[in-house]
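**Student:** quick one, what's the 3D model for this:
(one chain, ligands or ions: 1)
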Amino acid sequence: MYYKLFLPEGKFNFASFIYILLKDLYYLFMNTTRFERLRSSKVLVTGAAGFIGANLCEALLELGSIVVGLDNFATGHEKNIKSLKNYPNFSFIKGDIRDLEDCRRACEGVKYVLHEAALGSVPRSINDPITSNDVNVGGFLNMLVAARDTGVHRFIYAASSSTYGDSKILPKVEEEIGKPLSPYAITKYVNELYAENFKTTYGLDTIGLRYFNVFGRKQDPDGAYAAVIPKFVQLLIKHESPMINGDGTFSRDFTYIDNVIQMNLCAMVTENEEALNTVYNTAFGARSTLNELVTLLKEYLSVYDATIADIEIQYGKERKGDVPHSLASIDKAVKLLEYTPQFDIKKGLKDAIQWYWENLN
Ligand SMILES: NC(=O)c1ccc[n+]([C@@H]2O[C@H](COP(=O)([O-])OP(=O)(O)OC[C@H]3O[C@@H](n4cnc5c(N)ncnc54)[C@H](O)[C@@H]3O)[C@@H](O)[C@H]2O)c1
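**Tutor:** Residues are numbered from 1 along each chain as shown. Okay, the predicted model is just below:
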């Protein structure tokens, strides 16, 4: 049920306000106590200098976990781990998941692995499928072997919504996937197959999180393979006109980073046997078209600079390998992992835009 803060006649809805406040406080309290047990647990986060990895490290350090970060800076940045180095519980290994010895060293004494390191981006994998495969499949396998050999308790990994491929079913439910549409999607699906096999063959517990278009602080706006939200935000801040591939009617379940953090923590603490050795959609569970997204970006950025509201949007050709629509069912995660995402696209974008305004300007 969605509670509106303003009634149709424009009056402030006090009852809704109290409900939303109490709900938020309840979830804050429940999640804080639930994740308390991660205090002092040793966690390896691979891809720690990347967008999602760095955010996960920070959240875990705030909870009091002992965090080891691993990254080779292929697409990650030193600036993402700079503030993490202020925490005494953080250590960093510069290493490559394609090197088994680096993986073994990083897994030493670790209870949980959050495996985020990979080469993201569908177009990158189309341009260079071999490197994407080496990192995303070869590196993934190295990490599983290292986790198995060092006695890791649970291996949680970044899977992807791209695994739904050409399936037209909406919303996407975990058990119904289509054929992959890109080399990247193949690599992410192979990860799921390997993870399942490492349970049946070696007894390693795993959980795969199929991320849906994640956005938020620390996401890289630069480069040919940048994700749409940070790229468009950066262009709009510079008063440049963003270009939408296609007519803007394609839709995505844009997922704020704090929902993704919560999902990872849920996967770490669950004691529900039924919840292990499977995959979960990691999303908010609502979709927006690219046209709607750009409208929101312009609206929220124009709070900082009113002229941004007048910037024109350009439209270009559709991109190869892009699926038209994506929307997750999050029922499985809600039921088995007690996942309760707190950020819809609007709430997430407001936070993200404030961060970009302060950090890109
Ligand atoms: N961002 C999304 O919307 C999204 C969606 C679906 C899945 N994912 C997956 O989530 C994970 C994190 O994505 P992200 O958005 O933070 O990307 P990112 O590029 O910001 O982070 C990936 C990190 O992995 C590191 N890395 C790459 N190759 C490596 C190697 N050989 N050895 C060690 N480190 C290496 C990079 O340097 C980078 O810091 C990836 O596995 C990605 O495929 C992301």
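**Student:** only C-alpha atoms from now on, for both contacts and neighbour counts.
**Tutor:** OK.
**Student:** using the three-state scheme, assign residue 279.
**Tutor:** Three-state call for residue 279 (DSSP: H, G, I helix; E, B strand; the rest coil): strand.
**Student:** quick one: pLDDT of the nearest residue to it once chain neighbours are set aside?
**Tutor:** Spatially, and ignoring its direct neighbours in sequence, residue 279 is nearest to residue 208 (4.4 Å; C-alpha to C-alpha, 6 or more residues apart in numbering). pLDDT recorded at residue 208 is 99.
**Student:** which residues touch residue 208?
**Tutor:** When contacts are counted by C-alpha atoms under 8 Å, 6 or more residues apart in numbering, residue 208 touches 156, 157, 158, 159, 192, 195, 277, 278, 279, 280.
**Student:** skip the chain neighbours and tell me the closest residue to residue 318.
**Tutor:** Nearest one to residue 318, counting by C-alpha to C-alpha, 6+ apart, is residue 246 at 4.3 Å.
**Student:** quick one: the one you found from the ligand, how far?
**Tutor:** The gap separating residue 246 from the ligand is 19 Å, by C-alpha to the nearest ligand atom, to the nearest Å.
**Student:** what of residue 330?
**Tutor:** Distance of residue 330 to the ligand, given as C-alpha to the nearest ligand atom: 15 Å.
**Student:** pretty sure that residue is touching residue 284, no?
**Tutor:** Yes - with contacts counted by C-alpha atoms under 8 Å, residue 330 reaches residue 284, the gap being 7.3 Å.
**Student:** hang on, residue 101 in a helix?
**Tutor:** Yes - applying three-state DSSP, one finds residue 101 inside a helix.
**Student:** quickly list what the residue nearest to the spatial centre of the chain is bridged to.
**Tutor:** The centre of the chain sits closest to residue 214, judged by C-alpha atoms, centre = their mean, with a distance of 4.4 Å. Applying DSSP bridges to residue 214 yields these beta-bridge partners: residue 255.
**Student:** surely it and residue 255 touch.
**Tutor:** Yes - counting by C-alpha under 8 Å, residue 214 touches residue 255, with 4.6 Å between them.
**Student:** who touches both of these two?
**Tutor:** Common neighbours of residue 214 and residue 255 (C-alpha under 8 Å, 6+ apart) are residue 283.
**Student:** quick one: the helix or strand where residue 123 lies to chain centroid distance?
**Tutor:** Residue 123 belongs to helix 122-127 when elements are defined using DSSP states H and E. Distance of helix 122-127 from its chain centroid, counting by C-alpha atoms, centre = their mean, to the nearest Å, is 19 Å.
**Student:** in the following helix or strand past it, what counts as buried?
**Tutor:** As assigned by DSSP H and E, the chain's next helix or strand after helix 122-127 is helix 129-133. Neighbour counts over helix 129-133 (16 or more other C-alpha atoms under 10 Å) mark 129, 132, 133 as buried.
**Student:** likewise for stretch 99-111?
**Tutor:** Residues 100, 102, 103, 104, 106, 107, 108, 110, 111 are the ones in stretch 99-111 that count as buried (16+ other C-alpha under 10 Å).
**Student:** measure the fifth one to residue 144 for me?
**Tutor:** Looking back up the chat, that one is residue 106. Relative to residue 144, residue 106 is positioned 12 Å away (C-alpha to C-alpha, to the nearest Å).
**Student:** equivalent analysis for the fourth one, please.
**Tutor:** Here residue 104 is placed at a distance of 10 Å from residue 144 (C-alpha to C-alpha).
**Student:** how about the first one?
**Tutor:** Using C-alpha to C-alpha, one obtains 10 Å as the distance from residue 100 to residue 144.
**Student:** kindly report the same for the last one.
**Tutor:** Here the criterion is C-alpha to C-alpha. By it, residue 111 lies 13 Å from residue 144.
**Student:** residues from this protein in reach of the ligand?
**Tutor:** Neighbours of the ligand within the chain, by C-alpha under 6 Å from any ligand atom: 47-53, 71-76, 95-98, 116-120, 135, 158-160, 211-214.
**Student:** now a PyMOL select for only the buried ones of these.
**Tutor:** Of those, the buried ones can be selected in PyMOL as follows, counting by 16+ other C-alpha under 10 Å:
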select buried, resi 47+48+49+50+51+52+53+71+72+73+75+76+95+96+97+98+116+117+118+119+120+135+158+159+160+211+212+213+214
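**Student:** alright, I will stop here.
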